[in-house]
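1. predicted model and sequence below, questions to follow.
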Amino acid sequence: MDVLKIKNFWKIFKQNKLGVVGLIILLIFVFLAIFAPLLARFPSLTTGAGEAFLNPSFKHLLGTDNLGRDLYSELLFGARITLVVSFIAVITSTVVGVLFGSIAGYYGGIIDSILMRITEIFLVIPPIFLALVLVAIFGANITNMIIVISVLSWPQTARLVRAEILSLKERPYCKAAIATGESDFKIIFSELVPNTMTTIIVNLSLTQATAILIESALSFLGFGDSSMVSWGLMLNNAQEFFRQSWFMVFFPGMSIFLVVLSLNLVGEGLNDVFNPRRKK
Amino acid sequence: MNYSYLVKRGIQIIPVVFGILIISFLMIHLAPGDAVFMFIGESGADPEFEAAIRTRLGLDKSLFEQFILYIKGIFSGDLGRSFVLNEDVSKIIFDRAIPTIILMLSSISFGAIFGILIGVYAASKPYSMRDNISMVIALFLYSLPNFWLGQMLIIVFSVNWGLLPVSGMESMILGDKSFLFDRFTHLVLPTITLGSTLAAFVMRFVRSSMIDVLGQDYILTAKSKGLSERKIFFKHALKNALLPVITYIGLRLGYMLSGAVVIESVFGWPGLGLLMLDALFERDYPLIMGLFIVISLSVTIITFIVDILYTYLDPRIRLK
Amino acid sequence: MRNIIGNNSKKLILSVLLTFFVVFIFTIEKVKAAAKHGGALIIGVPGSQKNLNSAIYPKTFSGQLISINLFDGLLRVSKFGDGKLTPMLAKSWNVSSDGKTITLNLRDDVKWHDGKKFTSEDVKFGILNICKPYHPQGKNNYGIIESISTPDPYKAIIKLSKSDATFLTKLDSKWCSMAPKHILENQDIPNSAYNNAPIGTGPFKFVEWKKGSHIIFERNKDYWAKAANGDQLPYLDKLYFKILPNKTSLISSLEAGEIDFIHSYPGYLAGKEIERVNNADNGIKVHSFAYANMAFDFIYMNTNGAHTGNKKVRQALAHLINTNEIIDKVFAGVADNVRNDKQGFISWYTGEVPTQYYPYNLAKAESLLDSAGFKKDGNGNRFKISIIHEQKNSNHPKVLDIMRSNLKAAGIELNVMKMDAAAITEKVHKKMDYDMYITTIATGPDPDLLTKSWHSKNIGKGWNANSSGYSNKKIDALLDNGRGELDPNKRKKMYIEAHQILAEDIPMLPLYGTKWLWTYNENLDGFPIGYTFRDGLETVNWDGKVPNNRK
C-alpha cells in the first residue's frame, strides 16, 4: 500500500474520535504487554513478594493479592497472555475462515453446501459449551486455549468472507478473469480475497474482542491455564476475596473491559473508514 | 407460504444434527484417561468392583459399537444413564431445564425490550447526540465481561443494600412473602446481567434497521403524501424494522446460552449451565454428551423455527 | 399479739409455697428446654450433591455431612487417635479373647423412618449385602467376616476368620451406615429409587431433593437419642441444605442472613471475612470454630523418578517447602502443621513427637542437592520438575504457587500440572509416570489405613495406593503385624518404628492436616465439637431465639 493510501486512511479514521480513543488505549496495553518484564517490579507469579492483601503503595502500585503477589506485576504479565493468546487465535481462525469462505463462495454448489453445513454446525453449538468440553477434556494449557478459541471464531469469518465473495464473483473483472482462463487459485487469492481485506480487517478487531471475552470466561470458570497469569484467572482467584480486596477484582476486570472496548472502538472506526455511511 | 423453502431448510438441518452427534461422541471418547475411576472416587477400589462398573457402563465394548448403540438410543429418546447421579440423562436434563428456560425467556424479553426502546430512541434522530450516546452505551455493554457485571451487581444490591437475594432461584423459607414475589426478586439480577449483552446488540441492530427502513422509497412516498413524521415513524418504519429483530435474536440464542452458563455459575441458578459445569468436573460422559446434544439440537430447531417465522412474517419475502 | 396464723396453717402455707416453688422451677426448666426445640436451619453447601446414601457410594466430605443426618452407624469412633468408641445403634459389645468373635448388643427402641423396627436382621443385611459388596472399601473392610448370626432381634454375632484390631472401627457410619432390609431386600441396589429418597434411622427424615438447588429434611419424632440433660433429640424442626456453587455466594448468603451455617470452609476467607461480616452493620453476627478433619495433604514422590528417585533430593525438597507460609497464606492459619518439633503426622496416632521433620532450611536443601549431584549451572538453575494436582481441589493451586516460589529459590523450576481424576489415575496411579503429586487423604482414625499407601503389595493398585513405588520389607512386616496385633502398646510401638523409617525415606511427604471451619449464626447453639466428619446436627438448636423467618 502506498503512502497516499495510508495518509488517506488516517485522515478518515481520525474523524471518528472514539476510534482514535480506542486505538490509543489499545496501543497503551500493547506497550505494557511488550515491556512487561521491564516494567514489572517482580517476576511473574512470585508469591510472598509482600504480605497478603496490602493496599496500594509505592512498592506495590496496585497492592497485593491473597498470596502476597504484586498485582501490578501480575496485571502486566496477564496482559501478555491475554493479548497474545487472543491474537494468535484470531489470526489462525481468520486464515481458516478465509479459506473456507472463499472456496465455498467461489465454487458454490455441492462444495458450498458441504462447507457451509460444517460451518453451521460450529455456529449452532453455543460457544462456551463447546469450549468447556474441549478444554475440560484435552486439558487447559495455552496451546489448547488457542486452538479452542480459534475453533469458535472461524465460522463467523467464513460466513462473512463467503458473502463478500458471492457478490464480488459477479463483478465484471472477475467474470473477465474466468473467461480468460485464469486458474481458480489465482482468481480467488489474487483477485477476490484482497478485495475482502477491508471486511477481514474490521472483523479481526471484533473477533479479537470476542476471543478475549471467551478466554476470560473460561479462565473465570476455572478452566484456564493456571501456570500462567491471565486476567480471567486473576478474576477467578479474586472471587473468594473480593470483599477483602476489591482491587483484586476491579483491576483485572477493568483491564479486560478496556481492551475489549478499545478493540471494538477500533473495529468501529475501521468500519467507518471502509464502509462510509451517508451523513446528513 | 414458501413450502419449498421450508423443506429445503428442513433437509439442511439433518447433516448438522448428525455432525453434532459425531463431534460429541468423538471428542469425549478420544480424551485421555479413563471414566471408571471418576465414579469410584477418592477411596479407591478393588479390581473386581472396577470391572463390574466397566461392564455396567458398557465401556468394554468397542468405540464403534458404543456409537451405534448411542445413536439407536437417541432415536428412541434414551440418552443413556448418568453414572454419577444414577438417573436417566433425559430425566436429569428435563428436571433441570426449567430454570434455564425461565432465565432465558426473562433475559430475552428484558434484552429485547430494553434494546428496542433505546434503538428506536437512537434512530429517531440519527447521528445526533442521543444517537451517539446510545450507541456508546451499547458498545460499553457488550464489551463488559458479564460475570464481572454480575458480581458487581450482587455486591451492590444484595450485600450492601440488601434489596435483592444473593443467589438461587427461590428462598428456602417463604415466610410472609408471596411465591411470585420471591421468584421475581431472585430473577432480577440474573436477568439484567444476562440480558444486557443482548440488549446491546439489539440496540444497535434496531437502530441501523430503522435507519435503513427510513431511507427506503416507500417511506419517501409516504412523506410526500403528507403523512405525519410521527405516524410514518411508528406505523410503517417501526413495524418493518422490528421484523428482522426476531431473526436476529434467534441468531443470538447460542451466545445467550453460553452466557447463561457463566451467569448460572455466578448466581447459583440451578439450571442446565450449572449442570454442565458439574458434569464436566465429574467427567460424567453420558450427561455431558446428553446436554451437549440437547442444547445444540434445541438451538438448531429454534433457529429453524425462527427462520420460518421470519419468512412467513416478512411481507417482502412472502410476496415472492 | 396473738399469732393469727396457727402453726399448722404455717406449715400448710410453707408446704404450698414450697410446692409452687418446685413446680415453678421445674416448669421453667421445661419451658427452657422446650424453647430449645423448634425452628429451621438453613445450611449452605458448596457443590452439587451426588447421592444421599452414605453406605453405598463414595462421597465428597460435604456429602457425608449431609447424609449423616439420615443415618446412624452401629458405633462411632470418637476422637482421632485415642481409639475410643461410642455406642450408637449397638449399645454395647464384646470381643472374644482370640479377637475373632464380636457380639453386638443392639438398642431395642430404634425405628426406621417408615415406622418399622430396627433389628439385628438389618445389621446382617447391611454389612453383608450392602457395605461389603458396594462400598469401594467393602472387601478390604469386611472380607474377613466368616458369618453373622442373629440369635435374637437385638443381638448380632460376627465371626471373623482372623483377628483384626481395626475391625470395630470399620463399623462406624463412615464405612457402614445401617440401611433397611425390608426396603432394599430384593432391589437392584445401585439403581434403586431408594438412593434418591433414603430411609434410615437417623435424627432427621428425608423430605425433598430438588437437584442442583436444595435438599430438605425434617425432624424424626421417634429418634432414639437424648441429649445429656435428657432432652429429646433432635431440636430442630427442619434442615434446609441450600446448594451454592461457589465460595462467594456462600459468604454473601451468610452475610445477608439467607443461610445460617456453612461448614468445610477453610481458607483466607476464614479470619478476615468473619471479622468483616461481624463488623458490617446489617446485624448478622457469626461465630466460627475449626477442627481437624482427619485428612492430610501429602506429596507423593515417585521413588523411581529421575530426581525424586534420589532420597537426598526428596529430603532437600522437604527442606524447601515452607509449610508455615502455606498454612498462613492459603489457610489463614486454619490447618495443622505436621512438620515441626511439636507435632508430626505420627503424633495423631501415637502421641509421639517426630524425630525428623525437615524444617524450612534453604542452605541445608542446597547442600543436599549439591551432594546428590544436582549442582547449579551458570544461570543458577538446577533442574526442572513437575507436580500434578487435581482439578477439583481449589486450595492446591495456591499451595503450589507458593511451592513454586519456594523451589525457585534453590534453582528448581516447578511445573504445575492440573489434571482431572481420571487422567491422574492413569498417569500417576497406574503408570507411575510422574515426579510429584499432591493429594488429600482422609486417613481415618486407625494408623492401619495407610497400609494402602506404604505397603509394597499395594504398588500401582489404584487411587492413592502405593503410587510412589516404595518397597521396604521392614515396613511391610511392621504394617502386616500391626494390623493383627491386639495389644495396643505393642501395636503403638510397631507404628512408631514404621513412621520413623518412613520419615527418613519420605516416599510421601505429609504437609499439614486440614481443618474445617464451621461458621454459623451466633444465636445457634449445640454444634457437635468433634474430630470426626460424621457428626449429625441433632444437638443443634436456636436456644430459644428462633428468628422470624425460620419458624
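-> Cool, the structure landed. Residues are numbered from 1 along each chain as shown, chains lettered A, B, ... in the order given.
2. for the rest of this, base every contact and every neighbour count on C-alpha atoms.
-> Noted.
3. please see if the one helix or strand A:Gly253 maps to touches chain B.
-> Per DSSP states H and E: A:Gly253 is located in helix A:246-274. Yes - Helix A:246-274 lies within reach of chain B by Cα under 8 Å from any Cα of the partner chain, at A:253, A:256-258, A:260-261, A:264-265.
4. gap between A:Ile178 and A:Arg171?
-> According to Cα to Cα, to the nearest Å, A:Ile178 stands 11 Å off from A:Arg171.
5. oh, I was asking about C:His113
-> In terms of Cα to Cα, C:His113 sits 81 Å off from A:Arg171.
6. indicate the residue of the stretch 401-550 of chain C located nearest to chain B.
-> Among the residues of the stretch 401-550 of chain C, C:Ala423 lies closest to chain B, at 4.1 Å counting by Cα to the nearest Cα.
7. hmm, A:Ile149 and A:Ile214 touching each other?
-> Yes - using Cα atoms under 8 Å, A:Ile214 is in contact with A:Ile149, at 7.4 Å.
8. whichever strand in chain C runs longest near chain B at all?
-> When chain C is parsed with DSSP state E, its longest strand is strand C:286-301. No - figure legend: strand C:286-301 not in contact with chain B (Cα under 8 Å from any Cα); closest approach 12.1 Å.
9. using CSV, list the CA coordinates for the helix or strand just after that strand.
-> Per DSSP H and E, strand C:286-301 leads on to helix C:311-320 as the next helix or strand towards the C-terminus. The C-alpha coordinates for helix C:311-320 follow below in CSV (Å, rounded to 0.1, in the frame of the first residue of the first chain):
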residue,chain,number,x,y,z
LYS,C,311,16.5,-39.8,48.7
LYS,C,312,18.6,-36.7,49.2
VAL,C,313,16.6,-34.9,46.6
ARG,C,314,13.4,-35.8,48.4
GLN,C,315,14.8,-34.6,51.6
ALA,C,316,16.0,-31.4,50.0
LEU,C,317,12.6,-30.8,48.7
ALA,C,318,11.2,-31.3,52.1
HIS,C,319,13.5,-28.7,53.5
LEU,C,320,12.5,-26.3,50.7
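10. got the residues of the stretch 351-500 of chain C near chain A?
-> C:397-398, C:401-402, C:405, C:415-419.
11. can you check chain B too?
-> So chain B meets chain A at B:12, B:15-17, B:19-20, B:27-28, B:31-32, B:127, B:139-140, B:143-145, B:147-148, B:254-259, B:261-262, B:265, B:280-281, B:288, B:292, B:295-296, B:299-300 (Cα under 8 Å from any Cα).
12. those in helices, which ones?
-> B:12, B:15-17, B:19-20, B:27-28, B:139-140, B:143, B:147-148, B:254-259, B:261-262, B:265, B:280-281, B:288, B:292, B:295-296, B:299-300 (DSSP state H).
13. the longest helix along chain C: how far from the chain's middle?
-> In chain C, taking DSSP H as the definition, the longest helix is helix C:7-36. Chain-centre distance of helix C:7-36: 46 Å, with Cα atoms, centre = their mean, to the nearest Å.
14. count the residues that sit near the closest residue to A:Asp70 other than its chain neighbours.
-> Nearest residue to A:Asp70, sequence neighbours excluded (Cα to Cα, 6 or more residues apart in numbering or on different chains): A:Thr64, at 4.6 Å. Neighbours of A:Thr64 under the rule other Cα atoms under 10 Å in any protein chain shown: 29.
15. swap in C:Trp463?
-> C:Trp463, neighbours per other Cα under 10 Å, totals 24.
16. might one say that it is in contact with C:His429?
-> Yes - C:Trp463 is within contact range of C:His429, at 5.9 Å (criterion: Cα under 8 Å).
17. for chain A, which helix is longest?
-> helix A:71-107.
18. so what secondary structure elements neighbour that one?
-> Using 3 or more Cα pairs under 8 Å, 6 or more residues apart in numbering or on different chains; DSSP states H and E as the contact test, the elements touching helix A:71-107 are helix A:17-34, helix A:36-39, helix A:109-124, helix A:142-169, helix A:193-220, helix A:231-238, helix A:246-274.
19. got TSV for these, with mean pLDDT too?
-> Below are the helices and strands packed on helix A:71-107 laid out as TSV (pLDDT from 0 to 100):
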stretch	mean pLDDT
helix A:17-34	90
helix A:36-39	83
helix A:109-124	86
helix A:142-169	88
helix A:193-220	88
helix A:231-238	85
helix A:246-274	88
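20. show me which positions of stretch C:160-171 end up buried.
-> Neighbour-count burial for stretch C:160-171 flags C:160, C:163-171 (criterion: 16 or more other Cα atoms under 10 Å in any protein chain shown).
21. same check on stretch A:234-248?
-> Quick answer for stretch A:234-248 (16+ other Cα under 10 Å): A:234-245, A:247-248.
22. now do stretch C:359-371
-> Those buried within stretch C:359-371 under the rule 16+ other Cα under 10 Å are C:359-360, C:362, C:364-366, C:368-370.
23. again with stretch C:507-521
-> C:507-521.
24. using CSV, list the CA coordinates for it.
-> C-alpha atoms of stretch C:507-521 as CSV (Å, rounded to 0.1, in the frame of the first residue of the first chain):
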residue,chain,number,x,y,z
PRO,C,507,8.1,-41.7,49.8
MET,C,508,5.2,-39.4,50.7
LEU,C,509,5.7,-36.1,52.4
PRO,C,510,2.9,-35.1,54.8
LEU,C,511,2.5,-31.4,54.7
TYR,C,512,-0.3,-30.4,57.0
GLY,C,513,-3.5,-31.6,58.5
THR,C,514,-6.6,-29.9,57.0
LYS,C,515,-9.2,-28.4,59.2
TRP,C,516,-12.7,-27.5,58.8
LEU,C,517,-14.2,-24.2,59.8
TRP,C,518,-17.8,-24.2,60.9
THR,C,519,-19.2,-20.7,60.6
TYR,C,520,-22.7,-20.1,62.0
ASN,C,521,-25.1,-17.5,63.2
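25. quick one: mean pLDDT over it.
-> Summarised as a single mean, pLDDT over stretch C:507-521 is 85.
26. hmm, that stretch touching chain A?
-> No - Stretch C:507-521 stays clear of chain A (Cα under 8 Å from any Cα), getting no nearer than 15.4 Å.
27. so where's the stretch 251-400 of chain C uncertain?
-> C:264-272, C:346, C:348-349 (pLDDT under 70).
28. could I get the full set of helices for it?
-> Ranges of helices within the stretch 251-400 of chain C are C:274-279, C:311-320, C:323-331, C:347-350, C:362-371, C:396-408, based on DSSP state H, counting those that start in this stretch.
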